[in-house]
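> I would like the atomic coordinates for the input below:
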Amino acid sequence: MFVPQSKLPQVGTTIFTVITQKARELGAINLSQGFPDYDPPQQLRALLAEAAQAGLHQYAPMSGVDALREQITQLATAHGITAHADDEITVTLGASESVFSSIQALVHAGDEVIVFDPAFDIYGPAIALCRARAVRLPLLPPHFHIDWQRVKEAITSRTRLIIVNSPHNPTGAVWSQHDLDTLAELVRDTQIVVLSDEVYANIIFDGRKHLSAQAHAELRERSISVFSFGKMLHATGWRVGYAIAPVAITREIRKVHQFNTFSIAYPLQWAIAEFIKACPEHRGSLPAFYQAKRDYFLTLLRDSRFTWTPSPGSFFQLLEYSNITDADDTTFAERLLQEHGVAAIPLSPFCDQPINYRYLRFCFAKREETLAKAAELLCKI
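The predicted structure is shown next:
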């Protein structure tokens, strides 16, 4: 049998796919993969149907539909970002493509990329495909902050990119102004680019404000900020995201994007643009909407053996389980699924090195009845 030589020999099926498939097979409650179990807004769905009837079935512009990029400029202002629609915004196949195309465009063989563990799983393989090296630095529990002294020590003449993520997946951690200012100081007078994964920018709690790399006066000239309409519109399957970056960086990203996906489904882009224009209040409602779900879920767990710090952002909540068992997180996640009928994600697959803390990630972007059923089972452990 012919076996091709793999460019990613250490990569298998993602933990999200594995756990979700097992949850389906077992009929378990799936709080693992990050997707809602409710529909996008009715008006958005109606606009998509309208787009299909309007004949928008051919290629969209490579950089994105003009109307959508114009609406993105308005969304950006809510985060303190000023972006030019024509040459600083690129609509991509979900935020993942923004991340992937950015890494392929800017990272060369032999370069080093600083990544913070636990890290979203697309970063490592994208770096490996460039024949570059990921320099993995741990975030510090229980709040999963960055040790900036370690970052300073890790930067070398080969460092080409630093990938940051706020609000953070999987921990929910949110950056402070001090974090942005410290990063700016460390990359000053270097050729390092910052790739800022901000897909949960609109899902942030307890009065906090999202701080974007694109809104930072010094970082903006060397940063890419990545966003997701899937998270914003409860429509993760639509796979529409975008990248905002200065002109010179955008030019390089588009060189890869045009040969990767070229353009994103026209009807989806048109429907999203029309929805944002018609319902500007939707984005602003998201913090309260998701904070209510977070608080509801945690209230239901008050009599459980889990402990937690309420998630500052994203639609994920970490639960610490050391009061229950000393088992590693992968083992306990399997036990939770098989014996108790609840699917969660361990943090180990997000890390390059073994971890010694005891957390599982739960998605609370679910209907109240789903959260209540899951919490009832979790409280019995």
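
> Pretty sure F262 sits in a helix.
No. Read with DSSP: H, G, I helix; E, B strand; the rest coil, F262 is coil and lies in no helix.

> residues touching it, list them.
Y59, M62 (CB atoms under 8 Å, 6 or more residues apart in numbering). C-beta here means a position set from N, CA and C on the backbone, and glycine is covered the same way.

> roughly how far apart are it and Q53?
Separation of F262 from Q53 (CB to CB, to the nearest Å): 24 Å.

> likewise E25?
From E25 to Q53 the distance is 38 Å (CB to CB).

> What of F364?
Between F364 and Q53 the computed distance is 36 Å (CB to CB).

> The two: which has the busier surroundings?
Each of F364 and Q53 has its neighbours counted (other CB atoms under 10 Å); F364 has more, 24 against 9.

> buried residues in the helix or strand P125 falls within?
Using DSSP states H and E, P125 sits in helix 123-129. Residues of helix 123-129 classed as buried: Y123, G124, P125, A126, I127, A128 (neighbour count, 16 or more other CB atoms under 10 Å).

> Helix or strand next in line after that helix, which one?
Scanning forward in sequence from helix 123-129 by DSSP H and E, the next helix or strand is strand 133-138.

> and the next element down the chain from that following strand?
With secondary structure assigned by DSSP H and E, strand 133-138 is succeeded by helix 148-154.

> show me where pLDDT drops low in the protein?
Counting by pLDDT under 70, the chain contains no low-confidence segment.

> which residues of the stretch 201-350 of the chain fall in strands?
Counting by DSSP state E, counting those that start in this stretch, residue ranges of the strands within the stretch 201-350 of the chain are 223-228, 240-244, 316-320, 342-343, 345-346.

> quick one, domains of this protein?
Domain assignment for the chain by automatic domain parsing gives 15-40+282-378, 58-278.

> which one of those domains lies closest to V3?
Comparison of those against V3 by CB to CB identifies domain 58-278 as nearest, at 19.1 Å.

> What distance separates the opening and closing residues of the closest one?
Counting by CA to CA, to the nearest Å, you get 24 Å between the two ends of domain 58-278.

> Then stretch 196-211?
This stretch, stretch 196-211, spans 11 Å end to end (CA to CA).

> Contact partners for F350?
By CB under 8 Å, 6+ apart, the contact set of F350 is D117, P118, A119, F120, D121, P170.

> wait, is the last one part of a helix?
No. The assignment for P170, made by three-state DSSP, is coil rather than a helix.

> Count the residues that sit near the nearest residue to it once chain neighbours are set aside.
Leaving aside its chain neighbours, P170 sits nearest to R361 (4.3 Å; criterion: CB to CB, 6 or more residues apart in numbering). Using other CB under 10 Å, R361 has 25 other residues around it.

> do the same with the one 10 residues further on
By other CB under 10 Å, 25 other residues sit near L371.

> And the furthest pair within the buried residues of helix 123-129?
Across the buried residues of helix 123-129, no pair lies farther apart than Y123 and A128, at 9.7 Å, counting by CB to CB.

> So for those two, which residues contact both of them?
Residues touching both Y123 and A128 (CB under 8 Å, 6+ apart): A134.

> Nearest to L48, out of the domains of the chain?
Here domain 58-278 is closest among the domains of the chain (CB to CB), at 4.2 Å.

> Off-centre distance for the closest one?
Taking the mean C-alpha point of domain 58-278 and that of its whole chain, the gap between them comes to 9 Å (CA atoms, centre = their mean, to the nearest Å).

> Surely P125 touches T14?
No. Look at P125 against T14 with CB atoms under 8 Å: they stay out of range, at 9.8 Å.

> contacts for the biggest helix by length in the chain?
In the chain, with assignment by DSSP state H, the single longest helix is helix 281-300. With contact meaning CB under 8 Å, 6+ apart, helix 281-300 is reached by 41, 75, 78, 202-206, 232-233, 275-276, 308, 310-311, 315, 317, 362, 364-366, 368, 371-372, 374-376, 379.

> Repeat that for stretch 181-193.
106, 148, 151-152, 155, 159-162, 164, 194, 216, 218-219, 222-224, 249.
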